[in-house]
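A.B. asks: Just a sequence and a predicted model for now, questions to come.
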Amino acid sequence: MSHPPAGPPGRHAARGRLPLWCAGAAVLAALALCIALGGFGPGQPAEPAGPAASAPAASQIPDPPAPEPEPEPQPVVQTVDFSATGDNLIHAKIYQQAAARAVGDAAYSFDYCYEKLVPFYRGFDVNWINQETLCTDELAPSTYPCFSTPGDCARALYRAGFRVFSLANNHSYDKGAEGIAATLRFWDSMPEDTVTTGLWRSEEDPVPLQEVNGVTIAYLSYTEHTNGIPHSSAMEAGVVYTHQTDVIERQVRQAAGQADFVVVGMHWGVEDSHTVTDAQRALAQKLADWGADVIVGTHPHVLQNAEWLTAADGRRAFVAYSLGNFLSTQSKKDQLIGAVLTLRLQKTTQPDGTVRLEVLDPQLHPTVTHYGANKSDVRAYLYRDYSPELAEAHGVRAAYSDFSYDLIRAVAEKYIDAAFLALQ
């Protein structure tokens with residue numbers, strides 16, 4: 001049988017089966033093209049070749065990262081930055097000046113007296129002051145020897161940053177039952193965050209408490225005398241005298257059981273004397289033993305020293321025996337030099353629930369009551385904000401020509417231990 005003559009290989013490809021040698025070449029060419037293009041097409045990856053592309057052995061798979069360890073419980077530290085200021089003693093020149101400065105509906109403006117210290121007080125969580133005179137909106141103002149002060153004075157103090165007012169002092173009974181009733185009504189009218197202490201409707205009254213930054217503070221105040229004016233049954237409230245140690249002990253122990261810290265105001269000592277008496281020291285130690293943590297002394301109108309006390313239970317308590325005057329128009333040079341006490345109350349709660357309470361970093365910052373000729377323009381300064389030029393212009397120099405910027409510093413350095421004195 002005869003066969004048709006052989007034609008070009010391409011034709012045979014178009015019309016019938018390729019010869020074996022030709023088909024193998026085509027497969028190899030296609031495989032090479034596919035490898036060059038990276039695979040056989042979507043969904044059909046080429047099998048990896050060689051041991052390098054094979055799956056890793058189980059021993060080569062890294063372990064998952066270990067979980068982070070739980071953090072160790074840490075102590076919780078809560079603090080209160082506290083200040084205490086001395087006698088706010090409002091003589092006639094001060095409220096007359098406040099009347100002259102009044103604007104709008106207010107009858108008096110006392111803000112001028114305190115404005116130089118407002119930035120300072122804003123740095124504290126609590127500002128305490130001895131309000132030496134009765135404050136009312138009802139009684140006419142009056143000066144020494146029986147004081148009555150317009151309520152606008154206390155409102156100015158509130159605006160300056162004060163929230164805690166000690167009311168037990170030798171002028172508490174100056175206006176008798178009428179004055180007590182009027183001042184109680186006034187303080188009841190103040191904002192709710194105002195705290196007063198020292199006037200007791202009953203010895204069984206609850207202890208005034210204040211919670212700040214998670215720390216509870218109790219406030220108590222007592223006075224040595226009331227200028228010979230006795231308490232009467234007509235008075236709605238009264239003071240507790242320093243000789244009533246049974247009452248004081250009961251109240252201080254009660255306060256210590258209710259609060260983290262107990263602050264006690266003591267109106268005691270000898271007027272115009274820088275010397276701390278044995279009676280002051282003995283009572284301060286008893287207060288610490290009963291539970292007081294901070295003891296703030298007022299009444300002498302001049303500076304007295306301060307010190308740490310060790311209480312019967314091992315606590316450290318701090319006493320400033322006299323902060324002197326803050327604002328007044330008294331006429332002796334040392335009566336124009338006072339101090340603000342500052343310190344930190346710190347509460348540390350450990351993870352196991354135990355609590356450590358500490359009084360830290362007490363400092364006394366000298367202040368100056370400044371006034372011009374004839375006791376005009378009365379206002380308070382921190383010594384660090386005062387100047388030699390202001391001292392040269394002080395009205396007290398009419399009687400005491402040696403009053404000066406350097407004398408103020410010398411008095412502070414003489415009567416306050418260097419460990420507590422903050423001049424800048």
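C.D. replies: On my side now, so go ahead. For clarity, every value in this text was computed on a predicted model and none was experimentally measured.
A.B. asks: Toward the C-terminus, what is the element adjacent to the one helix or strand residue 348 maps to?
C.D. replies: Residue 348 is part of strand 337-349, with elements assigned from DSSP states H and E. Sequence-wise, the next helix or strand downstream of strand 337-349 (DSSP H and E) is strand 355-370.
A.B. asks: buried residues in that following strand?
C.D. replies: Across strand 355-370, burial judged by 16 or more other CB atoms under 10 Å covers 359, 362-370. (C-beta placed from N, C-alpha, C; glycine too.)
A.B. asks: Kindly report the same for stretch 89-106.
C.D. replies: 89-91, 93-99, 106.
A.B. asks: how long is that stretch end to end?
C.D. replies: 21 Å (CA to CA, to the nearest Å).
A.B. asks: Give me the mean pLDDT for it.
C.D. replies: For stretch 89-106, mean pLDDT rounds to 96.
A.B. asks: what's the spacing between it and its chain's center?
C.D. replies: 30 Å (CA atoms, centre = their mean, to the nearest Å).
A.B. asks: Now do it: everything it contacts.
C.D. replies: Contacts to stretch 89-106, defined as CB atoms under 8 Å, 6 or more residues apart in numbering, come from residues 107-110, 112-113, 132-133, 141-144, 147, 149-150, 152-153, 301, 325-330, 371, 375-378.
A.B. asks: okay, how far is it across stretch 139-148, tip to tip?
C.D. replies: End-to-end distance (CA to CA), stretch 139-148: 7 Å.
A.B. asks: For that stretch, what is the distance to the chain centroid?
C.D. replies: 33 Å.
A.B. asks: how about that stretch: buried residues?
C.D. replies: Buried, per 16+ other CB under 10 Å, within stretch 139-148: 139, 141-143, 146-148.
A.B. asks: count of residues packed around residue 277?
C.D. replies: 15 (other CB atoms under 10 Å).
A.B. asks: looking at it, it is touching residue 283, isn't it?
C.D. replies: No: Residue 277 sits out of contact with residue 283 when judged by CB atoms under 8 Å, with a separation of 9.5 Å.
A.B. asks: where in this structure is pLDDT low?
C.D. replies: Low-confidence segments of the chain, defined by pLDDT under 70: 1-59.
A.B. asks: hmm, try it at 80
C.D. replies: 1-63, 203 (pLDDT under 80).
A.B. asks: Which single one of the buried residues of stretch 89-106 is nearest to residue 349?
C.D. replies: residue 89 (40.8 Å; CB to CB).
A.B. asks: Could you tell me the phi and psi values at that closest one?
C.D. replies: phi -110, psi 100 (degrees, to the nearest 10).
A.B. asks: all helices of the stretch 201-350 of the chain, in order?
C.D. replies: Ranges of helices in the stretch 201-350 of the chain, per DSSP state H, counting those that start in this stretch, are 245-258, 278-290.
A.B. asks: So which of the ones you listed is nearest residue 352?
C.D. replies: Nearest to residue 352, of the helices of the stretch 201-350 of the chain and by CB to CB, is helix 245-258 at 21.8 Å.
A.B. asks: neighbouring contacts of the closest one?
C.D. replies: 203, 207, 209, 216, 218, 220, 222, 240, 242, 262, 264, 283, 286-287, 290-292.
A.B. asks: can you state the direction angle for that helix and helix 278-290?
C.D. replies: 40 degrees (axes from the mean of the first three to the mean of the last three CA atoms, to 10 degrees).
A.B. asks: Only alpha carbons, please: show helix 245-258 as PDB.
C.D. replies: Extracted in PDB, the C-alpha atoms of helix 245-258 (Å, rounded to 0.1, in the frame of the first residue of the first chain):
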ATOM      1  CA  THR A 245      -9.200  68.300 129.600                       C
ATOM      2  CA  ASP A 246     -11.700  65.500 130.200                       C
ATOM      3  CA  VAL A 247     -13.900  66.900 127.400                       C
ATOM      4  CA  ILE A 248     -11.000  67.500 125.100                       C
ATOM      5  CA  GLU A 249      -9.600  64.000 125.600                       C
ATOM      6  CA  ARG A 250     -12.900  62.500 124.800                       C
ATOM      7  CA  GLN A 251     -13.400  64.500 121.700                       C
ATOM      8  CA  VAL A 252      -9.800  64.000 120.400                       C
ATOM      9  CA  ARG A 253     -10.100  60.200 121.000                       C
ATOM     10  CA  GLN A 254     -13.400  60.200 119.200                       C
ATOM     11  CA  ALA A 255     -12.000  62.200 116.300                       C
ATOM     12  CA  ALA A 256      -9.000  59.800 116.000                       C
ATOM     13  CA  GLY A 257     -11.400  56.900 115.700                       C
ATOM     14  CA  GLN A 258     -13.400  58.500 112.900                       C
END
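A.B. asks: how about it: buried residues?
C.D. replies: 245, 248, 251-252, 254-256.
A.B. asks: Closest one of the residues you listed to residue 407?
C.D. replies: residue 248 (37.5 Å).
A.B. asks: Could I get the contacting residues of the nearest residue to residue 234 once chain neighbours are set aside?
C.D. replies: Nearest residue to residue 234, sequence neighbours excluded (CB to CB, 6 or more residues apart in numbering): residue 177, at 3.8 Å. Counting by CB under 8 Å, 6+ apart, residue 177 makes contact with 232, 234-236.
A.B. asks: Tell me the buried residues within these.
C.D. replies: residue 235.
A.B. asks: Is it possible to get a markdown table of the contacts of residue 177 that adds distance to residue 72?
C.D. replies: Below are those laid out as a markdown table (distance: CB to CB, whole Å):
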| residue | distance to residue 72 |
| --- | --- |
| 232 | 62 |
| 234 | 63 |
| 235 | 58 |
| 236 | 55 |
